[in-house]
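**Q** Quick one, fold the following:
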Amino acid sequence: MRAVQGLLWYAYWTGKPEVVDLLCAWADSWRDAILAEKQGKPSGVCPPLIHYKTRDFAQDGSPWFEPAVDTKFTYYRHPIGYRRHIYNLLLAAYELSGDEKYLEPFRAALRLLASAPPPPDEDDEEEAQKNMKPGSLEWIYHWKYRGRDIDGKTTVVSSGSKYRLATGDKSFDAVLERDGNNIIRFPLHYEARNNKRRAQRSRFIVPARA
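**A** Here you go, the predicted model:
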């Protein structure tokens, strides 16, 4: 994704159909992969990779979250930090094409997060981390790599906040409020406060006489 960042800016700047079509075709592959329920991967979860020929998420009997690409190279294992770039690609495809199909992965991911088990209590977190079943929703969203949530819940919430900003869809505000950090929650509070103030002011506005 980082390798084609310049191409994204070029598409925004020029709007050339051939460039937009190329990016959207790439986004189509990731959209379909995220929405697919396949090889044990739930719909709404971004897989670590897509095999070019088979379109599978793993090979040689490996689980989707740990594809057997290179046992010494952990980049293609869950969780990793590139998934937010995939969501950026999908949002760019939506803005460049106007096609709402690229928003479906955001909605699916936020719905899934809303249904996921709550995170363990801080006092029990260390033991809970050891007992999480790899591939389960609890593990997908709450397992921490070296003590950090680098791509599970954090990526869904940060990408969901961009979706909210781009579309104005308030359907998932409760999830963003529950799981977002202060930066993500601030726009929600600011908007709610302004709406309340406008409603209060409107009570004192006297309609102009005809």
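
**Q** show me what contacts the residue nearest to the spatial centre of the chain?
**A** The chain has residue 156 as the residue nearest its centroid, 3.5 Å off, counting by C-alpha atoms, centre = their mean. Residues near residue 156 by C-beta atoms under 8 Å, 6 or more residues apart in numbering: 109, 110, 112, 113, 141. Just so you know, the C-beta spots here come from the backbone N, C-alpha and C atoms, and that holds for glycine as well.

**Q** Kindly recompute the last result at 10 Å.
**A** With contact set as C-beta atoms under 10 Å, 6 or more residues apart in numbering, residue 156 has these partners: 44-46, 83-84, 87, 106, 109-110, 112-114, 116, 140-141, 172, 175-176, 179.

**Q** And the next helix or strand past whichever strand or helix holds it?
**A** Under the criterion of DSSP states H and E, residue 156 resides in helix 153-167. Counting by DSSP H and E, the next helix or strand C-terminal to helix 153-167 is helix 173-179.

**Q** From the contact counts, what lies against that following helix?
**A** Helix 173-179 is packed against helix 104-115, helix 153-167, helix 182-202, with contacts defined by 3 or more C-beta pairs under 10 Å, 6 or more residues apart in numbering; DSSP states H and E.

**Q** For these, which has the smallest mean pLDDT value?
**A** When these are ranked by mean pLDDT, helix 182-202 comes last with a mean of 69.

**Q** Hey, what's the angle from the helix holding residue 156 to helix 104-115? Just curious.
**A** Our comparison of helix 153-167 with helix 104-115, counting by axes from the mean of the first three to the mean of the last three C-alpha atoms, to 10 degrees, yields an angle of 130 degrees.

**Q** what about residue 94, neighbour count?
**A** 22 (other C-beta atoms under 10 Å).

**Q** helix, strand or coil for it?
**A** Under DSSP: H, G, I helix; E, B strand; the rest coil, the three-state class of residue 94 is helix.

**Q** who are the neighbours in contact with it?
**A** Residue 94 neighbours (C-beta under 10 Å, 6+ apart): 24, 27, 31, 100, 101, 102, 103, 104, 106, 163, 166, 167.
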